[in-house]
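> Sequence and predicted model, in that order:
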Amino acid sequence: MLTLEEFAGKIRQSGDIVVFTGAGISTESGIPDFRSPGGIWTRYRPVTFQEYMSSETARIEAWKRRLDGWEQHKNAKPNVGHYFVQSLDAKGKLIGLITQNVDGLHSEAGLPDDKIVELHGTNRKIICLECGRSYDPDAIIKRLVGDFASPKCDACSGILKSATVSFGQAMPEAAMRRAQEWTEQAEIFIVMGSSLQVQPAASFPVVAKRNGALLAIINREPTPLDDYADFVHQGAIGEFCGRFGEMIADG
């Protein structure tokens, strides 16, 4: 297992880094992860994609849940962890970022869209499942007052849905393919804030390691791959990134 100083040295030397982030990087921006107290999985049974498509009742329930946390998500700002990833790109070290998150905070931190793969989509956009038209969430959510019906597309009256991947919905093929390509190119693969329990996303660190990459895991809790990794840090991500960013500042 590498020491912190040894890991910093590897980062300074490498120009082929891939970062993989999960909900834990955004908890310090005030967004609860799905499993923690207050997280959506502790309060609701998921509405599957099939239920959403076939049932108006299910669609209304899904939109009510969206209303429940919208202000919290809309007002969230990037934290030190997000800016750390952006700094790797600014140094020319980042192949790309693969994220399980749907909050868009990596984009807000200044990471270019062509360096981001959002495996589970984004809640910063609403799409029509019929014609593909996209909407700003605020414009749609402002309509949801009182005893509302599920919103429909202004252009074709199709079903509108958050541009996130729901339970039972196929993973986006292009995003998965790009994430796979980046993972296979990585010299260093850094996991930040992921429990590494959700498949198929959690397979990417294994692919990277098998392809010869150095695997680092930075997370509050232990993960199933800690014994497989070359560097592990358990603790607050923001605190680690603030300290570690200074260590590699001259890299």
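Right, received. Where do you want to start? Numbering: from 1, shown residues only.

> got a list of what Pro200 touches?
When the contact criterion is CB atoms under 8 Å, 6 or more residues apart in numbering, the partners of Pro200 are Met171, Met176. Every C-beta, even on glycine, is put in place using the N, C-alpha and C of the backbone.

> measure it to Ala179 for me?
Using CB to CB, to the nearest Å, one gets 10 Å for the distance from Pro200 to Ala179.

> intersection of neighbour lists for these two?
Common neighbours of Pro200 and Ala179 (CB under 8 Å, 6+ apart) do not exist.

> give the contact list for Val198.
Contacts here follow CB under 8 Å, 6+ apart; on that basis Val198 touches Gly22, Gln100.

> do the same with the one 4 residues further on
Taking CB under 8 Å, 6+ apart as the criterion, Ala202 is in contact with Ser194, Leu196, Pro224, Leu225.

> Mind giving me the ChimeraX select for those residues, buried ones only?
Command for ChimeraX, covering only those of these found buried under the criterion 16 or more other CB atoms under 10 Å:
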select :194,196,225
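
> Which residue in the contacts of Ala202 has the weakest pLDDT?
Per-residue confidence across the contacts of Ala202 is lowest for Leu196, with 91 (pLDDT).

> Now do the SS call for it.
coil (DSSP: H, G, I helix; E, B strand; the rest coil).

> just for this structure, where's the confidence low?
Screening the chain residue by residue with the criterion pLDDT under 70, one finds the ranges 34-44, 250-251.

> hmm, 80 instead?
Counting by pLDDT under 80, the ranges of the chain that qualify are 32-45, 69, 71-72, 250-251.

> Check which helices and strands the longest strand belonging to it is in contact with.
Taking DSSP state E as the assignment, the strand of the chain that covers the most residues is strand 121-128. Packing contacts for strand 121-128, counted by 3 or more CB pairs under 8 Å, 6 or more residues apart in numbering; DSSP states H and E, involve strand 134-135, helix 137-141, strand 160-164.

> which residues touch the longest helix anywhere in the chain?
Selection of the longest helix in the chain by residue count, based on DSSP state H, yields helix 56-74. Counting by CB under 8 Å, 6+ apart, the neighbours of helix 56-74 from elsewhere in the structure are 30-31, 40, 44, 47, 51-52, 103, 123, 137-138, 141, 144, 148-151, 159, 162.

> Report the buried members of those.
Buried members of the contacts of helix 56-74, scored by 16+ other CB under 10 Å, are 31, 47, 51-52, 103, 123, 137, 141, 144, 150-151, 159, 162.

> can these go into TSV with extra columns for distance to Thr21?
Converted to TSV, the buried ones among the contacts of helix 56-74 look like this (distance: CB to CB, whole Å):
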residue	distance to Thr21
Ile31	12
Val47	25
Glu51	29
Tyr52	26
Asp103	10
Asn123	15
Pro137	21
Ile141	26
Leu144	30
Ser150	31
Pro151	30
Ile159	30
Ser162	19
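
> Of those, which pair is most distant in space?
Comparing all pairs in the buried ones among the contacts of helix 56-74 by CB to CB, the longest separation belongs to Ile31 and Ile159, at 26.1 Å.

> the domain parsing of the protein - what is it?
Structural domains annotated on the chain: 1-31+77-120+170-251, 34-75+123-164, as defined by automatic domain parsing.

> quick one, strands of the stretch 101-250 of the chain?
116-118, 121-128, 134-135, 160-164, 188-192, 214-219, 231-234 (DSSP state E, counting those that start in this stretch).

> With respect to Ala175, which of those lies nearest?
strand 116-118 (5.0 Å).
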